[in-house]
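J.: Just to be clear, the model below is a prediction. Sequence and coordinates:
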Amino acid sequence: MSRMATGARLVADWYHPVAVDSDAEKIDLAVAAALGRQAIADFLAKGDPFAIRHQVQITSFGGSGTTALTRSFAEAGLDLPPGPAQWPHKHLRCPPTVDEVPAGFRVVYPVGDPRDAVLSVFRRGIQDGHWRGLHQIDPATPTPDRLADLESFLAAGVDDFALAEHFEGWRNHPSGYPVMFVRFDLIDEAWDELATFVGLPDGHPRLTYRARASDWTSTPPEIRERLDVIYGEFAALIDSLPAVQVV
């Protein structure tokens, strides 16, 4: 199936309501999901959503400040992907080749602890949509049972999201354009170099790091141990990175 056809099939299954308690919140999320699906459908109707005509792209495996950076860059008027919530480039797994991008194209890849990222995904109840989005999986493909909840996922001990693979793919991207890796927990240290890299205007407000709502170190010991089995090695690699690095 082509990327375009897969994208079209994903429209109906892209946005998934977060688990909430009140009926009012459920109604609000249902409306948001419907609007999101319609926005993607409208965008798909305009042509290939994977085409790159923008200058600056923010891509990550998720849960690492991508949304905050995107909001900041959009407020500065940078030339970002035009799709709804930067779909499908926000978590795109395969980097483009140099002949697929315009002159001056550059990518910011924020990174964070994968243990926190996965906790955030399950806390918000978006694990199915995130799994499909990271892999561009057809909605007709059944979701693995182990993605039903965090407990099942940790018991299986399998990284269905393939976060390390996503990271390594962008670390080894095709030559011809730069990719800047930014430790979002060190965004205060990285900001000046990041601002120059993407061309933020002088005086644009700095982003500062705020503690995450999902902190793997605050979970019970058995959860920490299982998260560490799956992601400990990858987390150590990310922790060894400088605040900012261009490859």
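T.: In hand now; what should we look at?
J.: Phi first, then psi, for Thr196.
T.: Dihedral angles phi and psi of Thr196 (degrees, to the nearest 10) take the values phi -70, psi -40.
J.: now it: how far from Ala235?
T.: To Ala235, Thr196 is 29 Å away according to Cβ to Cβ, to the nearest Å. C-betas here are computed from N, CA, C, even on glycine.
J.: These two: who's more crowded?
T.: Counting neighbours by other Cβ atoms under 10 Å for Thr196 and for Ala235 shows that Ala235 has the greater number, 21 against 9.
J.: Could you write out the alpha-carbon coordinates of the helix or strand hosting Arg71 in CSV?
T.: Taking DSSP states H and E as the definition, one finds Arg71 inside helix 66-75. In CSV, the C-alpha atoms belonging to helix 66-75 read as follows (Å, rounded to 0.1, in the frame of the first residue of the first chain):
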residue,chain,number,x,y,z
THR,A,66,7.6,18.2,20.5
THR,A,67,4.3,20.0,21.0
ALA,A,68,5.8,22.8,23.1
LEU,A,69,8.5,23.4,20.5
THR,A,70,6.0,23.4,17.7
ARG,A,71,3.8,25.9,19.4
SER,A,72,6.8,28.2,20.1
PHE,A,73,8.0,27.9,16.5
ALA,A,74,4.6,28.5,15.1
GLU,A,75,4.1,31.6,17.2
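J.: Which elements pack onto that helix?
T.: Helices and strands touching helix 66-75, by 3 or more Cβ pairs under 8 Å, 6 or more residues apart in numbering; DSSP states H and E, are strand 56-58, strand 106-111.
J.: hey, where'd the strands end up in this structure?
T.: 56-58, 106-111, 179-183, 244-246 (DSSP state E).
J.: From the structure, what's the count of residues near Val246?
T.: 13.
J.: hang on, it packs against Met180?
T.: Yes: here Val246 lies in contact with Met180, judged by Cβ atoms under 8 Å, at a distance of 4.8 Å.
J.: Overlap in contacts, these two.
T.: Common contact partners of Val246 and Met180 (Cβ atoms under 8 Å, 6 or more residues apart in numbering): Phe197.
J.: Show the contacting residues for Pro110.
T.: 58, 60, 64-66, 69, 181-184.
J.: And the helices in the protein?
T.: Using DSSP state H, the helices found in the chain span residues 3-10, 23-44, 66-75, 114-123, 127-135, 150-156, 163-171, 187-198, 221-239.
J.: Would you mind giving the ones you listed as a markdown table with distance to Pro84 and mean pLDDT added?
T.: A markdown table is the format used below for those (distance: least, Cβ to Cβ, whole Å; pLDDT from 0 to 100):
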| stretch | distance to Pro84 | mean pLDDT |
| --- | --- | --- |
| helix 3-10 | 12 | 44 |
| helix 23-44 | 4 | 52 |
| helix 66-75 | 12 | 94 |
| helix 114-123 | 19 | 94 |
| helix 127-135 | 12 | 89 |
| helix 150-156 | 27 | 97 |
| helix 163-171 | 21 | 98 |
| helix 187-198 | 21 | 97 |
| helix 221-239 | 28 | 97 |
